[in-house]
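A.B. asks: Here's my sequence, what's the structure:
(2 chains)
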Amino acid sequence: MTIMRHTRNSTGTADPPRTDTRYKRIAAAMQKHHRRPDALIEVLHKVQDAFGYLPMEAIRFVAEQMRVPPSRVYGVATFYHFFALKPKGKHNCVICTGTACHVRGAQTIVDEIHQHLGLRPGQTTVDGKLGVQIARCIGCCGLAPAVVLDDQVLAKVKPGELVEILRARVGGPR
Amino acid sequence: MVDKLDEIGEQVRKQEHDYRLKLLVCCGAGCLSSGAAELVEELKRAVAAAGLQPEVGVVPTGCMGPCNQGPLVRVSPDDTIYEKVTVSDAGDLVDGHCCRGEKVRAKLLFNEAGETVYERASDHPFFKLQHRVALEHCGVINPESLEEYIAAGGYRALHHALTGISREEVIAEIKQSGLRGRGGAGYPTGLKWETVYKYVHAEKYVICNGDEGDPGAFMDRGILEGDPHRVLEGMAIAAYAVGARKGYLYVRAEYPLAIKRFELAIKQARAQHLVGAQVLGTEFNFDVEIRVGAGAFVCGEETALIASIEGRRGQPQPRPPYPAERGLWGKPTLINNVETFANIVPILLKGGEWYASIGTAKSTGTKAFALAGKIRNTGLIEVPMGTSLRKIIFDIGGGVPDGKRFKAAQTGGPSGGCIPEEHLDVPVDFENIVKVGSIMGSGGLIVMDESSSMVDVARFFMEFCMDESCGKCVPCRVGTKQMYDLLDRICEGRGTEADLALLEELAPMVKETSLCGLGMTAPNPLLSTLRYFREEYLALIRRKPEAAEANTPAAD
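C.D. replies: As a prediction, this is how the structure comes out:
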C-alpha cells in the first residue's frame, strides 16, 4: 500500500497545524474507530462539527490518517448532501422544502429570501454572517412550512416573517 | 434476571402510585420546537410552588400525535389533553386542574369554535379511531427512562425469547403474525428472518433502517424519539432469532434528537445487561452501534444503505444476491425498518395470532401514518390496516381546513402517487392502494386541496428524484432529468402535447430499466397525476390562465 505523504495543499499553505485542537478532535474520533475505513462518514461528521464544513486540508488529513485515497474521501464528501465543502455562514437558515412544506408555501419563502436578501439556497453573504440552505425534509411536517435557524425550528413560517427574523439575527439588512 | 426486571418495574410502579396526577409533556420534535422543554421546567416550578410535590409529577414524553396543536400536556389518569400550552399557561393549568380539580376549558385539545370539545382525549375521533401498537408508548412514557420502559412491560419479550422459546419459535411467531415490512415494500418479515436464519455463517448482522428519507414522513422519527427501547429490544430479538451478534441503527443526520435518545437507550440497556455481553444472563451476545447517514435518499435502499454503513458512497448493487445472503461486509444481513422492529415486542408478548387478528387478511396489524399538508389535524397516527382513506383524512384528520375542497392524497412520497376524491373509500393496505395507482410507502400522507397544482406536485417529486439519483444507472440519472425538464416546461406554460407524449414514453422506460427502487418508482407521481388529473396538464399546455395560476403554491 502506498502511504501518501502529506505535503502542500492547493492553496499553497503548509501542513495543517497539528496543534490545532480541531485536528486533535478529529484524530481522536479516528482513533475511536481504530481508523477503520468504514468509519469514514462518522469521521467526516466530526470534521464538519469541528469546522462547520469540510476544508480541503482536513479531507487530505483524514485520507492520510485513515489510509484511504483522497479521491475516495472526496467522493464520499460530495455524494452526501449533508457535507458542505464551502464554509457556511455564522448564522444559518435552512428552509425545509419537503412535500408538506412545499404545498404550504416553502417556495414563497425561498423566493422572498432571494428577493429581499439576495441569497439563493447554498449561498452565504459576503461578510459570512448568514448562509441559506434548503433541506429535503426535516420531519416536522406537522409544522409546515418549517425553517431551521441556527438549530432552532421555526414553525408555520408566515410570508414576510422570516426576512424580518433574519435581519434581526444578523443585525441590519445585509 | 427477570427478577431484576420485576424489581425495577416495581420501583417505578410504587413511585407512580404516589402520584395523584401526572402531567405528561409532549417532547416530540414538533412540540420541542414550540417550547416544550421550557414548559417542563415551568410546570415543575409551578407544581413546587403550589406545594403539590410529590403528589403531582411532571414527565417529558415522546410524540402524542396532534403536532400542530403543540406544545401538548396530557394529564394522567384523567385523560385530559391541553393544547398550545405556553410557559405562561403553566401556572393556570396547575392551579386549575391540579389544585382545584377544574379543567382549563379554554386550553382543551381541539377546542375550535363550533367543534365538539372532548374532556376525555380518547373520546375524540383523532384518538378513538386509532389503534396504537407500534406507537403504544409514544406520548405515554418518558423515552429517556429505561425504568419506565421496563415498568411498561419492556424487555419481557426479549427475556421470553431468550429463555422461554427457541429461535425457530420466535420466527414462527413472527410468521404467524403476518407482519410485513413497514418501510414500504411490504415483504413478509417472518420470511426475511427465516432466510437470514438459514444461512449458516459465524458472522451475521441486523440493521435497523431509520433513514426515513421520504419527504413528508416522520413515523420512524416519532418512534425513535418516543420509544427508543422498543426498537432496541426488537432488534435484539431479531438478532437472537437470526443468529446475529451485532446490530446497526442507520439513522438520518437530520434527526439529532432520535440519535441522542437512541444513544442513551443503548447506554442504559448496556448497563443493565439488556444488550452487550451475556444478555440477561444468557449466552447471547448482542451489541449495537449507531451509524448516522449524511443526507442521501437512495440510502433507504438496502444495498445502498449497506454501502453507506461501510463508509462508501451510497450506491445500490444489483440484487440478487440479497442482503440476507450477502449483505454487510458480505455477511448475511437482516434489514428491517424502525416501525417493523417496533412491532416485534407486542407480537411476542401477545402472540402472532393476536396481531394477525388486526387489519386485513393479507395486510395484518396496524400502520403508522404521518398526516401533513392541507389537513386540519396534522401529526402522527396509527390505524388498523384496511382503514379507508376517508376515515383517516376526514374523521381522524378533521378534513381540509379553511373551507377548501379536498383534491388528492399523496402516499408513498416520491415513489408513490396521488389518490383523488373518487377513491377515498379505498381501504389502505398493501394490495388495495396499489390498485388505485399509489403505494403504501412508509406512511407519509400529504393532503392537497383545490389550490394545489398536481402538475407542480409531479414536478416537485421529479426534481427530488433527479437530485437524489445516485448516478449509477443511466435510465434513472438521465431519465429523471429529462422528465423533470419536460415537466418544468409544462408547468411554466411552455409545454406542448408532444412533450406530454414524450413523458408518457419515457416514464415506463425508466420504470422498467432502472437498477433500484428509486428509479423504478420515480415516474409514479407523474403517472398517477396523469391518470387522474390529465386535464390539468392539458390546461397548462393550452395555457388556460386558471390552471397556470394554481401552479405556484401560495403560502398560507
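A.B. asks: Adjacent strands (with direction) for the strand of greatest length in chain B?
C.D. replies: Of all the segments of type strand in chain B, defined by DSSP state E, the longest one is strand B:366-373. Paired with strand B:366-373 in the same sheet, following DSSP bridges, are strand B:379-384 (antiparallel), strand B:444-449 (parallel).
A.B. asks: List of residues touching the helix or strand just after the first one?
C.D. replies: By that I understand strand B:379-384. Sequence-wise, the next helix or strand downstream of strand B:379-384 (DSSP states H and E) is helix B:389-390. The contact list for helix B:389-390 (Cβ atoms under 8 Å, 6 or more residues apart in numbering or on different chains) reads B:409, B:419, B:423-426, B:428. Backbone N, C-alpha and C define where each C-beta goes, glycine included.
A.B. asks: I'd like the mean pLDDT over the helix or strand hosting B:Tyr240, please.
C.D. replies: B:Tyr240 is part of helix B:228-242 when elements are defined by DSSP H and E. Averaged across helix B:228-242, pLDDT comes to 98.
A.B. asks: Next, see if the one helix or strand in chain A whose mean pLDDT sits lowest gets close to chain B.
C.D. replies: Here the helix or strand of chain A ranked lowest by mean pLDDT, DSSP states H and E is strand A:152-154, holding a mean of 88. Yes. Remark: strand A:152-154 sits within contact range of chain B at A:152-154, by Cβ under 8 Å from any Cβ of the partner chain.
A.B. asks: Neighbours of the closest residue to chain A within the stretch 51-200 of chain B, how many?
C.D. replies: Here the residue of the stretch 51-200 of chain B nearest chain A is B:Cys67; by Cβ to the nearest Cβ that distance is 2.7 Å. Using other Cβ atoms under 10 Å in any protein chain shown, the number of residues around B:Cys67 comes to 30.
A.B. asks: so it touches B:Cys31, yeah?
C.D. replies: Yes. With contact defined as Cβ atoms under 8 Å, B:Cys67 reaches B:Cys31; the gap is 7.4 Å.
A.B. asks: Can you add mean neighbour count and give the strands paired with strand B:366-373 back as TSV?
C.D. replies: Below are the strands paired with strand B:366-373 laid out as TSV (neighbours: other Cβ atoms under 10 Å in any protein chain shown):
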stretch	mean neighbour count
strand B:379-384	26
strand B:444-449	27
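A.B. asks: Not counting its neighbours along the chain, what's nearest B:Asn387?
C.D. replies: Wrong residue type there; residue B:387 is Thr, not Asn. B:Val428 (5.8 Å; Cβ to Cβ, 6 or more residues apart in numbering or on different chains).
A.B. asks: Kindly state the pLDDT recorded for the one you found?
C.D. replies: In this model, B:Val428 is scored at 95, pLDDT.
A.B. asks: circling back: just the buried subset of the contacts of helix B:389-390, please.
C.D. replies: Buried by 16 or more other Cβ atoms under 10 Å in any protein chain shown: B:409, B:419, B:423-424, B:426, B:428, out of those.
A.B. asks: Strands of chain B, residue ranges please.
C.D. replies: Under DSSP E, chain B gives strands at B:21-26, B:56-61, B:73-76, B:80-82, B:205-210, B:246-251, B:287-292, B:333-337, B:366-373, B:379-384, B:406-411, B:417-420, B:444-449.
A.B. asks: thinking again about what came up before, distance to B:Val117 added to the buried ones among the contacts of helix B:389-390, as JSON lines?
C.D. replies: Converted to JSON lines, the buried ones among the contacts of helix B:389-390 look like this (distance: Cβ to Cβ, whole Å):
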{"residue": "B:Ala409", "distance to B:Val117": "27"}
{"residue": "B:Ile419", "distance to B:Val117": "31"}
{"residue": "B:His423", "distance to B:Val117": "33"}
{"residue": "B:Leu424", "distance to B:Val117": "27"}
{"residue": "B:Val426", "distance to B:Val117": "32"}
{"residue": "B:Val428", "distance to B:Val117": "29"}
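A.B. asks: which among the residues you listed gets closest to B:His201?
C.D. replies: Relative to B:His201, the closest of these is B:Val428; by Cβ to Cβ it sits at 38.1 Å.
A.B. asks: which of the buried ones among the contacts of helix B:389-390 lies closest to B:Glu263?
C.D. replies: Using Cβ to Cβ, B:Val428 is the member of the buried ones among the contacts of helix B:389-390 that sits closest to B:Glu263, with 34.0 Å.
A.B. asks: Between the strands of chain B, which one is closest to B:Pro525.
C.D. replies: B:Pro525 lies closest, by Cβ to Cβ, to one member of the strands of chain B: strand B:417-420, at 6.0 Å.
A.B. asks: counting contacts, what elements does that closest one pack onto?
C.D. replies: Applying 3 or more Cβ pairs under 8 Å, 6 or more residues apart in numbering or on different chains; DSSP states H and E, one finds that strand B:417-420 makes contact with strand B:406-411, helix B:524-541.
A.B. asks: Strand partners (parallel or antiparallel) of it?
C.D. replies: Paired neighbours of strand B:417-420 in the sheet (DSSP bridges): strand B:406-411 (antiparallel).
A.B. asks: relative orientation of the partner strand and helix B:524-541 in degrees?
C.D. replies: Interaxial angle, strand B:406-411 versus helix B:524-541 (axes from the mean of the first three to the mean of the last three Cα atoms, to 10 degrees): 150 degrees.
A.B. asks: if we look at strand B:406-411, which residues are touching it?
C.D. replies: A:99, B:216, B:373, B:389, B:393, B:399-400, B:416-421, B:424, B:428, B:433, B:438-441, B:444-450, B:452, B:454, B:457, B:525, B:532-533.
A.B. asks: which of those count as buried?
C.D. replies: Neighbour counting by 16+ other Cβ under 10 Å classes A:99, B:216, B:373, B:389, B:393, B:399-400, B:416-420, B:424, B:428, B:433, B:438-441, B:444-449, B:452, B:454, B:457, B:525, B:532-533 among the contacts of strand B:406-411 as buried.
A.B. asks: Identify the residues contacting the residue nearest to B:Thr387.
C.D. replies: Counting by Cβ under 8 Å, 6+ apart, B:Val428 has contacts B:367, B:383, B:385-389, B:392, B:411, B:440.
A.B. asks: Also B:Lys22?
C.D. replies: Here B:Lys22 is in contact with B:16, B:56-59, B:75-77 (Cβ under 8 Å, 6+ apart).
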